[in-house]
Each structure stands twice: as C-alpha cells, then as structure tokens.
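*Asks:* need a 3D model of the following:
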Amino acid sequence: MAISELAGSSGDLVLLAPGGAGKTTVLEALREAESGATVIDFTLLDVTEAYRALAAAAEYEDGVVHLDGIDAVAGDFPGIFEQLRDWLRVPGKRRARVRLACRTTTWNTPEARVLRRTSLALQAFELLPLTRDAADSIARGIGVSEELFTELAETGSWRPPASAMWFEAVARQRRDTGKLPPDQRAAIEHDTDVALGGTGSTGAALTRRYQWQRAMWLAAVSIFGCVSPGGATDGGESGSGTPVGESLAVALPDETAPSEQGGHEEVLDTALFTPARGGAVKSRLRQHADYLAACFVVSRQIERDRLGELLGVHDNGRVPGSLAAVTAWTATMAPELVQDLIPANAALLARTGVEPSSDRVRAAMTESLLTAAAEGELEAEQELDLATLVHPGLQRALLGWLRAGIEHSEQLWWIARLAEEGRCRGTVPELLEEVLSPRWSSGARRAGAMAVVSLSDENAPDELASLLRLEPEEDPDEELLAAGIDALYPVSLPTAELLDSIRRRGDDRFEGSYWRSLETLADRIPVRDLPRALAWGAECAGAGERTYGRFIIGLLDNGWRAAESLPSVVELADVTAAVINHNWSRWRDRVTVPRLNDPRLRRELAVLLAERIRPDLVRWLLLLDLVGETDIEWILEALPRFGEKARSVLGGCVPLLVAEPDARSADLILSVPEEHPAYPHIRELRENVASDSGRAEMLRKMHRNDPAPSDEEKRAKQRRELTEALQAARRDVAEWWQVCRRLAEDGGWSIDHYFTQDLTERPGWELLAPEERRDVFDLGLEYVRTHRVTSTSDAGLRHISTEEVLPDWSGVYLLSTLLRHQPHRLDGLDTSTWSRWAPPIIAAWILDEADEDAGLRGRLIDSVPHAARPTLAEAVLRRFDEQQKQGKPLENHHRYASLLSEIDAELHRRFLNHSYHGVLGEALLRLLDTYSPELATRIRRELRRAPEPELATLAYRAQAESDPNVVVADLVSGAAASARADEVVAALDPARLHDRRLAELTRWLLDRFPITRFPERAREAERENHWISSAHSVRDESLEELTTRARSETLAELREERTGFERRVLTARLSRARAHEADLAHTPPSVERIRALCETAEV
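*Replies:* The predicted model follows:
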C-alpha cells in the first residue's frame, strides 16, 4: 500500500519499522497530506509535559494527531502506553485520528500489549524496505547523483541499504569524501565523526580521540543505564540510583576523578547528544548511540561475564530487546565477545538491521535461525532483510537442511528466503519438491515458489502451474494461487488461463499475498488482451467491490487509459456499467477517465453505457465526461434511432446539460415536438412558469448570485430573531420554548445545540442583555408551571421530530440550567409539576455522554422531591421496557443512578421473569454492580440457578467485567454449565485476569476451540455462530497475554499437551515469551555500576 493511501484514513494507525527505517519521514509526508495535523514529539517533552499533551489531544475536534518518538521514551515514562490506551478508548471525547510511529521491537514488548488489543482497532502497517524511487529522492536532497543506488549495487562491496537512514549516511559520505563506504560500520563511523565535528565551538578544540572517548562514555551511560530526559534517576537497583544530572561528573573508567576539561559540554553541543531536563543527557540518534556504546565496550576489552551483566543477559541466554542493537554492533566489531550469545539471540540481532562484518558471524546466525525454525521456535518474519546474513557456505548449509528432511513449515520459509537472498541456485530442485508438497503451510510454500522463480535460469518450472488448480482446503488464503500467478504470468501463462485461475477471495477482510497480487495484476495484462479481461470483470463485478481485491478496478483504469487503442470498447462499457449498477463506492477515486479526443468514440461509449445503466444513474454520463453541452444537438437528432433504454438515459441527460441555457440551446429545446423521445424529460423546461409561483421563486434563488452574509449580518439576524421570540413569549408563555430554539441557532446546519443541557452555553446567550436573560428564566419557570407535557419517557429512542419533543425537552434544559446557576428557584415547584415533567426529565437527550453536563441530569433527578419520585421510577421502567423491545443499549447512566434503590424490587422481578436480557440486561447488571452491588450479586446468583440458558448467560456476561476471575473459575470447573459458554467467553478481557486464571482459561479455550491450520474451517463455524469468532479472538488474546507476561512455564505445559500445528504455534509463543523474560527481568545498572564493570579492564 502506498503511503498516500493512508492520508485521510478515518481510522487510527501505527507505523512499524526498525530504527532508522524512515518512520518519522513517513509521518512528515502524511502530515503534509493531512493539513492541520497536530504533532506530539515525545522526545522533546518531559514526563509531565508528555501526559499533559496526551490529555490535551483528546480535545482536538475531528483532526489528526501525530505521535512520534513514543518508543524512544517508553522506558522512561512509566504507563505511557496505558495513557495512550485510555485516550484511544474514551467514547465521545476523542474525535481526533491517531498516527503513531513505533519501532517494531518496542511494539512487541510486554508494555505495549495494551495497544495491540484488537478492541482498539489500531491498524498496524509495516514499512517496506527502501525503494529505488525513494533512494533517488534522498540522493537528490543530499546533493549526490541519483545513480548512487545503482552504483552501490554494482560495486559488489556493499549492497544498497534497505533503510532510509543508512542510505542517507552513505549519500552524505559520498558527498563529503567522494568515496563510498566499504561497509555499514564505515558509514556510521563517518556519520558519527561528522556529527561530533559539527560543534561550532570557538574555544580550544578537543582532540578527536578525546571527543570520541567522551561520546562513547555518554552513549554507554544512556544505553546501558537508560539515562533519559525528565529528571528521572538512572534506574539503579535500589530504585533511587545516581541522579542523571550527576552522570556527566562521574569519571571515565580510566580516570581517577571527574574530568575538569569541560569535555562533556563540547560533546553535548553536537548533533549526537543534547542536554535534557534535570541535568539529563539525551541521544538524538539512537542508532549512533548504540554504535558508540558498542565502541566503548570493545575499547575497554571487557570480560565476557562483565559484558553479560552490562547487556542484561537473562538466565535463558536472551538479551533484552532494548540492548539488541548494541549487542549487534559489538558482534560486528568484536565477535568473540558475544559469540556465546548468538544462538539464543540470532533473530533479535537480525531484526536490528546491523550487518555482521564476518562470514563466521553470519554463518553462526543463519545456523541458529535454521535450528530455531527446525524446533518450531521461529515464525516467518517478512520484514527482515536477510541479505545481511549471506555467506559463502550458505548454499551448502541449506542443502544440508533440505536433504536431512524438514519438519516444520517455518523451516521451509526460512530456507527459501535465505536461498533467494543468497542466490543459491543449487537449491532449486529440492525447493521445488517441497513447494509441491501439501505438507507445508501455504505461506511457506509461497516463499519457496517465489524463491524457485527467482533462482531459475529461464522461465519458471512448469510444475508451478499446479498451484493454480489447488482446492481451497489446500490453499485457504490463496497464498499459493498468488505465487503461481506471480511466477507464471505473463511469460508462461496465457491471459485466458490466468482469468480462469482467478477465484473469489475466501475472506475479503484478509489482505495477504493474493490481495497484493490482484492489486497490481491488471498492469501486467497487455492492451491486446484487455477486452477479454474487461469482459471477465463485467461478469464478476456483481460479487462485490472487495471480492477480487483491486483487480477489476485496475482493469477499469487501464481500459479507460487505453480506450482509444482498444480494438473494441464494448467490454469497457460492460465493466463500467457493471460497477455503476452495483453501486461500487470508491472506484471513481481510483480510476482515471481521460477526456476522449475522438468525439465519435466518446459518443459511442456514451450510447453503449446508456444501454447498460439504470435510468436513475444518468448523471454518470456527465461525470465520466461522455456528454457535454456541445452534444445536446447530437442527442436530440440521434435519440429516435437508439434503443428504448438508451433513449431514456440519454434523454435524461438533456435537462442536466441545459441548467444554464443559452439562446441556441433554448431554441433547440423549444423546437422539440411532443412525440420526440426527449420531450418527457424537457417538458418542465418548455412550460410557462407563473412569476409569483413557488417554482419561480426557487429558480430565482438558483440563479441569483447573492454574496454570503458576513458574521456581523448573521449575528444581527440571530439577535433579531431572538428578540422576536422573547416578545412572542411575553405575549404568550406557551411560545417560550421557541426562545430556547433560537438560543441554539448559530447560522449553521447543526442542531446539536438544541440539546445543550445548560441554556447559558448556547450560542445565542451572549447576544442577550441582562434583563432579557432574566426574562428567559422568569418566563421559563412560568412555562414549566403551566405547560402540558405530551411526550413520554421513551421519546427519542428511535428517532425524534424537533417540533414534537422540543416543547417538552426545553423545559428540562431550563430546569438543568437553574439547578446549576440559581438552584433556589426550583424550591417553588410543587409535586404535581415535578410529576408532570418526570417523563421528559428521563427522556431528553444528552448528546455528549462523557461531558460533565451528563452528570448535570443526574443531579437534576436527585433534586426531584420525594413525593414526585414514584413518577420518575415509573418513567424509568417504561423507558427500560421500550429499550428492551428495540434492542437499544443503556445510555447515560447518571440519570438512573439515584433511582436504582427505588426500583430495585421491580428490577429484581423483571430480571427473573426474563423481561431484561441481551445488551440492556448486561448494561443494567453492570450499572447495579457500580451503584447497588449487593442487589447485582443477588440477581446474578438467582439468574445462574435458573434453568434457562439465556438467564445464566446474561449473569455471567455481566459479571465478566466486574469479576472476570470468578467467571473463569466457574467456566473451567463446570459450574457455569447452564450458560452458553461461547457467549460468556466473548465478554472476557484476558488482560484483567490473574496469572492462574489466565492459564486455566487458555487451556480451556484450546480444548474447546483448537487452533486450526486451515482458518477457512473456523470461518465457516463463525458464520454459523458469530460468538465463536469472538471466542477465537479471546483465545488468541489469552495466548498473547501469556506471551507478553513471559509465562514461559505455562506455555511450556500447554505445548506438552498439544500436537501438530497447535504445538508449533505454542512453541513459537514460548520462544517469544522467553525473549520477554529478558525484557521484564532487566534492571538497568547505575552509572557507578557501569563504571565499575569497565574500570578494571585493560585498555
């Protein structure tokens, strides 16, 4: 997907990529496309400012908020992910859309799991490696040749970097020195040296060596000790370690005392480091800080055991994700120091993007990766750049694994990807054999197929054609179909066979390889074959806009672009009419329809389309620019010769084309005889119109070019209308509600202010003089005393007419206003008045449920005197009954809280006779949990004992929020046997469970809803019972929760109980959990401890 397609997206999204891959650059591009976006860069804020900015962002109205740098400060701002989660969840409060940039390693940490919850609908996108076009753009910006990308590829000394940051570093070195760096290390060394030299200092310059020493020490302190902005401590073991500000005064390991040369200040005044709040130091470029910290480790010649403590190595051999890059750089510079860490951390090191400098390290990493895949502990990782692991012995190693026999699909995927990156052509026969075997997953076989195609000398092997004819059970997500198409078309597969091979997507929500293949497939079809493909598209358009991805849209786009070159445009008209008749919504935004130069071709297409579209869709002939004002004469002259359907559609075009008739078009219209097929469409244009008729006035308004009123004119009009409404209310108090209506109007189309609880907050209030404001209150009170209420407490549940409800609801809004500003005036209202107003007090809308005005209604209900409260209770129960009938959820709970004790007996009775169930029943039980927990417990207990499954299910679903651990205990023990388990499970949030209950629930779910290798079978069950889909989601969330909590023992026990595909899934989960163990257990050392670990080393 192109970045441009994300602009304007209505949902929230997160951009994932390794450090330096260009996340911030992408955010900046999105920012330009989404004008008015608000930027929050967490690296520039302290902890208080960060939380304040996040809270303030909730107030942005329908805008876009870009959050950058959150991964850089996640370890320093405890709870930042929870804060963001809570902000994303706020209903009705947060209207802004979110664009978040985050490192993939940070996104996968336990702390970030709160954002990965499916309920947040935060869609994740991973940035692809650097493209040629993007590289050329970077080169131009830096001032070097656009051929740099090609030059890098051709030198053979170093492949083109996959990330934007590295390519920029290479380009800068080429610009500065005229030479290319021999490897990645040389590139970052030059970049770091330039950054250190850019101090602009006029004082005595430090030697470069001394400056590098200082920079390495600061990097080591910031990376190993997590020294951060915000004035925090360095996170020593005591929890109150050396203040960050003191880190600069600590002597280097080879110094006896802190330096007095002021060197730290010089290093801080560079592009690498900057002083932060509280005396902290902040690295501006994380990749460079990781590199410098590794340089420090190597320069100190630290012993392995001390290095293990410095790197936070866990007992299981894993390195924390935050220290992966510095470990990788250490492996590049001194592989002997970390060689014992490679087996357990190969995948982690590969994810950093740091290239190993020796074939020995590359061989060790590939062997470790393949071993992990063979044991089922390593999943496919599409985003990894495996070219960094290619070494001379790779083909021999891969053949050894293939000939020994592979056990898991993941093995095939890793072998295939490594073979493709290493150009290991000798693996093709063995790979092809595995690709054709149904033993492996479709994703692994696809990777193998693409490797075979890439490594084959000429055309793809004919055997791959079998991938086009697989049954859905063998290729559930069309991964192999995509591989066959991508491998064979257009070289080895005719277009006719291609079209026969394309099938409907099994799940139009899944955007995998088949979806991506269909997105670009149309561009590969030659013009000579377009008519056949367009005819196919016309036949298939009725299946839906997403069923064939963007293939039909691509055909349509290419067809219109090539319209003047096509041997026939009939098929183009067919598919265009098909998408129009089937109401495809977004095709016009993605299809370029050029103005056709040949008028005969344009009119031919107009007639063909007119014969195929419905008469009510006539506007499409104008939207596609097939007919214009110059075609009126042709239409009137040729219309009688066309078929009936074309006559109807083209005739309907005529009045649309003469909205502004000139003399010639008027003569043409007036000369049309009554028997002409266009006459019914232009009759109104020919008839006389009385000058004083409504139609004449409408036409005058259409053609009048009045300037838009100014703000002053609008306010004057509002003021005038308000004065008139007040005068009318003084004459007849029954008209007072019209004053409230005028107060709400602001010259726009929105009616939201009609329902503002406080009249003084309506737009017109500021236009009133003090005596007029007093009149609003005085007349309003008289209105409340005398008005005959006609609406009921269930008004507004389905829809409203403002003319019907505002006379009553305006009185409620006056009562709320008086309660806030002049509460003593409510004391004069008698019981009968309060009783009469009870139904609208319960019914009147509160638009913003999260606003403090929502609580104002609850306070108003609390103010109702005791004698009138039975009518309120009656009104509430009537509303509940109607909500149950309509299946409506429970709205703002403030209006009900204080009434619960007055209707508890009746609620109890109605629950037990099954009057309340579904969404309303659950909401009421949760409300009782908050305001009347004893009653809620009693009702649930009795519901659970009831023989009807619906009642037990209702009780458990409601309890799933207040006490999920008890619900899980009952599910697992069988005490909840009378409830429908799949519905109960769907209400559970695994993140709120204790470890023990989480383990029990996960085991129970795996027993009841096993993980299947063929997801289409699960989808069939989900279509029959949508609760099963929710149960599958809870099962997956439970596994994810165990993984991010690093519950390795639990996952290991679950794995031992499973076989086959489920065992492989759990093995991969277990591997991830062990990696998280290192993250969760790691405590950064204090600055003094870092010095102690280094000071005894020999320099």
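*Asks:* the helices in the stretch 301-450 of the chain, which residues?
*Replies:* Counting by DSSP state H, counting those that start in this stretch, the stretch 301-450 of the chain has helices at residues 304-310, 324-333, 335-338, 342-351, 359-374, 394-404, 409-421, 428-435, 442-455.
*Asks:* go on, the stretch 701-850 of the chain?
*Replies:* In the stretch 701-850 of the chain, the helices defined using DSSP H, counting those that start in this stretch lie at 711-731, 737-744, 770-786, 802-821, 831-843.
*Asks:* on that earlier part again, so can I have JSON lines of the helices of the stretch 301-450 of the chain showing mean pLDDT, distance to residue 219 and mean neighbour count?
*Replies:* Bear in mind the C-beta positions are built from the backbone N, C-alpha and C, glycine included. Below are these laid out as JSON lines (pLDDT from 0 to 100; distance: least, C-beta to C-beta, whole Å; neighbours: other C-beta atoms under 10 Å):
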{"stretch": "helix 304-310", "mean pLDDT": "90", "distance to residue 219": "13", "mean neighbour count": "17"}
{"stretch": "helix 324-333", "mean pLDDT": "94", "distance to residue 219": "9", "mean neighbour count": "25"}
{"stretch": "helix 335-338", "mean pLDDT": "92", "distance to residue 219": "17", "mean neighbour count": "18"}
{"stretch": "helix 342-351", "mean pLDDT": "92", "distance to residue 219": "19", "mean neighbour count": "22"}
{"stretch": "helix 359-374", "mean pLDDT": "94", "distance to residue 219": "22", "mean neighbour count": "20"}
{"stretch": "helix 394-404", "mean pLDDT": "96", "distance to residue 219": "33", "mean neighbour count": "16"}
{"stretch": "helix 409-421", "mean pLDDT": "95", "distance to residue 219": "31", "mean neighbour count": "26"}
{"stretch": "helix 428-435", "mean pLDDT": "95", "distance to residue 219": "43", "mean neighbour count": "20"}
{"stretch": "helix 442-455", "mean pLDDT": "91", "distance to residue 219": "38", "mean neighbour count": "25"}
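*Asks:* as TSV, those with distance to residue 472 would be great.
*Replies:* Converted to TSV, the helices of the stretch 301-450 of the chain look like this (distance: least, C-beta to C-beta, whole Å):
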stretch	distance to residue 472
helix 304-310	51
helix 324-333	40
helix 335-338	47
helix 342-351	32
helix 359-374	27
helix 394-404	28
helix 409-421	18
helix 428-435	18
helix 442-455	10
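*Asks:* returning to what we had before: pick the most deeply packed of the helices of the stretch 701-850 of the chain.
*Replies:* Sort the helices of the stretch 701-850 of the chain by mean neighbour count, taking mean count of other C-beta atoms under 10 Å, and helix 737-744 sits at the top with a mean of 23.
*Asks:* counting by contacts, list what it packs against.
*Replies:* Here helix 737-744 touches helix 711-731, helix 770-786, helix 802-821, going by 3 or more C-beta pairs under 8 Å, 6 or more residues apart in numbering; DSSP states H and E.
*Asks:* now it against helix 770-786, angle please.
*Replies:* Orientation of helix 737-744 against helix 770-786 (axes from the mean of the first three to the mean of the last three C-alpha atoms, to 10 degrees) gives an angle of 130 degrees.
*Asks:* run the chain-centre distance for helix 737-744.
*Replies:* Centroid displacement of helix 737-744 relative to its chain, using C-alpha atoms, centre = their mean, to the nearest Å, is 41 Å.
*Asks:* which residues in the stretch 1-150 of the chain form helices?
*Replies:* Taking DSSP H, counting those that start in this stretch as the criterion, the stretch 1-150 of the chain contains helices spanning 23-33, 47-57, 70-73, 80-89, 104-107, 132-142, 148-155.
*Asks:* give the buried residues for stretch 30-43.
*Replies:* Using 16 or more other C-beta atoms under 10 Å as the test for burial, stretch 30-43 gives 30, 31, 34, 37, 40, 41, 42, 43.
*Asks:* over to stretch 1081-1088?
*Replies:* Buried, per 16+ other C-beta under 10 Å, within stretch 1081-1088: 1082, 1084, 1085, 1086, 1087, 1088.
*Asks:* over to stretch 649-669?
*Replies:* Applying 16+ other C-beta under 10 Å to stretch 649-669 flags 649-655, 657-658, 661, 665, 668-669 as buried.
*Asks:* figure out the length between the terminal residues of it.
*Replies:* End-to-end distance of stretch 649-669 (C-alpha to C-alpha, to the nearest Å): 17 Å.
*Asks:* re earlier: so which of the buried residues of stretch 1081-1088 sit within helices?
*Replies:* With helices taken from DSSP state H, the overlap with these comprises 1087, 1088.
*Asks:* verify the stated contact: residue 416 with residue 444.
*Replies:* Yes. With contact defined as C-beta atoms under 8 Å, residue 416 reaches residue 444; the gap is 7.3 Å.
*Asks:* go through the helices of the stretch 1-150 of the chain and name the closest to residue 215.
*Replies:* Residue 215 lies closest to helix 70-73 among the helices of the stretch 1-150 of the chain, at 18.5 Å (C-beta to C-beta).
*Asks:* I'd like the mean pLDDT over the closest one, please.
*Replies:* The average pLDDT within helix 70-73 is 71.
*Asks:* one more: stretch 630-639?
*Replies:* Here stretch 630-639 scores 90 as its mean pLDDT.
*Asks:* list the contacts of that stretch.
*Replies:* Contacts to stretch 630-639, defined as C-beta atoms under 8 Å, 6 or more residues apart in numbering, come from residues 603, 606, 627, 647, 650-651, 653-654, 657-658, 665, 668, 672, 676-678.
*Asks:* flag every buried residue along that stretch.
*Replies:* Of the residues in stretch 630-639, 631, 632, 635, 636, 639 count as buried by neighbour count, 16+ other C-beta under 10 Å.
*Asks:* okay, and the second one sits in which element?
*Replies:* Per DSSP states H and E, residue 632 falls inside helix 632-638.
*Asks:* C-terminal to that helix, what's the next element?
*Replies:* Remark: after helix 632-638, the chain's next helix or strand is helix 644-657, criterion DSSP H and E.
*Asks:* contacts only, for the closest residue in space to residue 807 that isn't next to it in sequence.
*Replies:* Nearest residue to residue 807, sequence neighbours excluded (C-beta to C-beta, 6 or more residues apart in numbering): residue 737, at 4.6 Å. Residue 737 makes contacts with 783, 806, 807, 810, 811, as judged by C-beta under 8 Å, 6+ apart.
*Asks:* before we move on, the earlier item: export the helix holding residue 632 as PDB, just CAs?
*Replies:* Extracted in PDB, the C-alpha atoms of helix 632-638 (Å, rounded to 0.1, in the frame of the first residue of the first chain):
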ATOM      1  CA  ILE A 632     -27.300  18.500 -27.000                       C
ATOM      2  CA  GLU A 633     -27.900  18.800 -30.700                       C
ATOM      3  CA  TRP A 634     -26.500  15.400 -31.400                       C
ATOM      4  CA  ILE A 635     -28.600  13.800 -28.700                       C
ATOM      5  CA  LEU A 636     -31.800  15.400 -29.900                       C
ATOM      6  CA  GLU A 637     -31.100  14.500 -33.500                       C
ATOM      7  CA  ALA A 638     -29.900  10.900 -32.900                       C
END
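*Asks:* give me the distance between the residue nearest to residue 498 when sequence neighbours are not counted and residue 453.
*Replies:* In space, not counting the residues next to it along the chain, residue 498 is nearest to residue 489; the distance is 5.1 Å by C-beta to C-beta, 6+ apart. To residue 453, residue 489 is 11 Å away according to C-beta to C-beta, to the nearest Å.
*Asks:* same check on residue 644?
*Replies:* 53 Å.
*Asks:* same check on residue 767?
*Replies:* Residue 767 is 73 Å from residue 453, where distance means C-beta to C-beta.
*Asks:* check residue 621 too.
*Replies:* 45 Å.
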